[in-house]
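S.K.: for reference, the sequence and a predicted model appear below.
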Amino acid sequence: MTDRYAVIGNPIGFSKSPLIHAMFAQASGQDMEYTAIEGPPGGFAGAVDVFCAVGGKGLNITAPFKLDAFAYATERSERAQLAGAANAMKFDGERVLAENFDGVGLVRDVTHNLGCQLQGKRVLLLGAGGAARGALLPFLAQAPAELVIANRTVARALELQAMGAARANVRGCGYSDLTGQTFDVVFNATSASLRAELPPVPASVFAPGCLAYELAYGKGLTPFLRLAQNAGTRRLADGVGMLVEQAAEAFAWWRGVRPDTRAAIERITIALV
Ligand code: NDP
């Protein structure tokens, strides 16, 4: 029998996950179907119950249900626990396993696809929401020289600092504290770009040769990427590769086969103009 998987979110019509997983399944010869479910607001658990009742094997979870998925699970990985959110679930009898592959997908895209190692680098992370929390452990595993987390609500940046403090050189701060500092890699993990807004980051943060990485995808040259470009940064990327790599991690977790990601990244990439 064909195994069933899906992505659940609301809205969900824009999701690229069914296309990505269909490409993975075809390329790796896996007998599976992957659909999109529009979960009703406040009705995540009911929608998942129905999916499980018809033999669903696993789900990807997108906004606004990542916290609901974390709560629904019976077992949570360390990455999911640190993020306080899940973006993938696996159903195994009575067990419901929760994972968070956003951060590992991001690191894989940066280090493997873009060829930018984080080890020994000065890394700036803008934002302290779900995506930033998910990135914290995978970033620290790369042993950057320092990791600075700047957020509009400084208390949330300090929370992340506290979570990472035992592991490495991590510092939380506000945007005004960034004046006079430069970084080798700057990640925009705020949701400002979704509204064509710019977080109040000084243009001086981009060191020569810096990589500016926008986690949002499909938006072209966002205000953040434009700021970096105007500051002389030539290495610009958006979150398409992160999206595809986190999908590949989930696929491997479910199916035991890690698919090649190149074709899917090429298929959904939009030029940064
Ligand atoms: P959250 O809602 O959890 O967090 C939003 C963050 O953005 C907070 O830190 C918030 O600050 C900050 N923020 C929002 N607006 C502004 C603004 N105008 N100026 C400065 N800071 C602002 O969102 P997520 O963490 O889930 O998502 C963040 C981004 O990552 C989105 O663009 C999303 O599309 C992208 N993403 C990409 C993925 C991929 O696969 N490529 C996967 C997951 C996310 P405060 O705390 O002060 O409110």
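M.R.: Nice, I can see it.

S.K.: residue in this protein nearest to the ligand?
M.R.: Here the residue of the chain nearest the ligand is residue 129; by Cβ to the nearest ligand atom that distance is 1.9 Å. For the C-beta atoms, the positions are set from N, CA and C on the backbone; glycine is no exception.

S.K.: state the pLDDT value of that residue.
M.R.: According to the prediction, residue 129 has pLDDT 90.

S.K.: tell me how many other residues crowd it.
M.R.: 15 (other Cβ atoms under 10 Å).

S.K.: how about residue 94?
M.R.: Neighbourhood size, residue 94 [other Cβ under 10 Å]: 6.

S.K.: would you agree it is in contact with residue 52?
M.R.: No - at 10.3 Å, residue 94 and residue 52 do not qualify as touching, with contact defined as Cβ atoms under 8 Å.

S.K.: list the buried residues for the lengthiest helix in the chain?
M.R.: Taking DSSP state H as the criterion, the chain has its longest helix at helix 240-255. Applying a neighbour-count criterion of 16 or more other Cβ atoms under 10 Å, one finds 240-251, 253-255 buried in helix 240-255.

S.K.: format the CA atom coordinates belonging to the helix or strand of the chain with the lowest mean pLDDT as PDB.
M.R.: Least confident helix or strand, the chain: helix 78-83 with a mean of 90, by mean pLDDT, DSSP states H and E. Extracted as PDB, the C-alpha positions of helix 78-83 are listed here (Å, rounded to 0.1, in the frame of the first residue of the first chain):
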ATOM      1  CA  GLU A  78      16.400  17.800  21.500                       C
ATOM      2  CA  ARG A  79      16.300  20.200  18.500                       C
ATOM      3  CA  ALA A  80      12.500  20.300  18.700                       C
ATOM      4  CA  GLN A  81      12.700  20.900  22.500                       C
ATOM      5  CA  LEU A  82      15.100  23.800  22.100                       C
ATOM      6  CA  ALA A  83      13.000  25.400  19.400                       C
END
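
S.K.: helix or strand right after that helix?
M.R.: Sequence-wise, the next helix or strand downstream of helix 78-83 (DSSP states H and E) is strand 88-92.

S.K.: what's the angle between that following strand and helix 240-255?
M.R.: Angle between the axes of strand 88-92 and helix 240-255 is 10 degrees (criterion: axes from the mean of the first three to the mean of the last three Cα atoms, to 10 degrees).

S.K.: just checking: what are the partner strands of strand 88-92?
M.R.: strand 56-61 (antiparallel), strand 95-99 (antiparallel) (DSSP bridges).

S.K.: what's next to the first one, contact-wise?
M.R.: What that stands for is strand 56-61. 3-9, 17, 32, 37, 48, 51, 68-69, 86-91, 247, 250, 253-254 (Cβ atoms under 8 Å, 6 or more residues apart in numbering).

S.K.: quick one: contacts for the residue sitting nearest the centre point of the chain?
M.R.: Taking Cα atoms, centre = their mean, the centroid of the chain lies closest to residue 102, which sits 3.1 Å from it. Contacts for residue 102 (Cβ under 8 Å, 6+ apart) come out as 83, 87, 130-131, 134-135, 242, 246.

S.K.: just the buried members of the residues you listed?
M.R.: Buried members of the contacts of residue 102, scored by 16+ other Cβ under 10 Å, are 83, 87, 130-131, 134-135, 242, 246.
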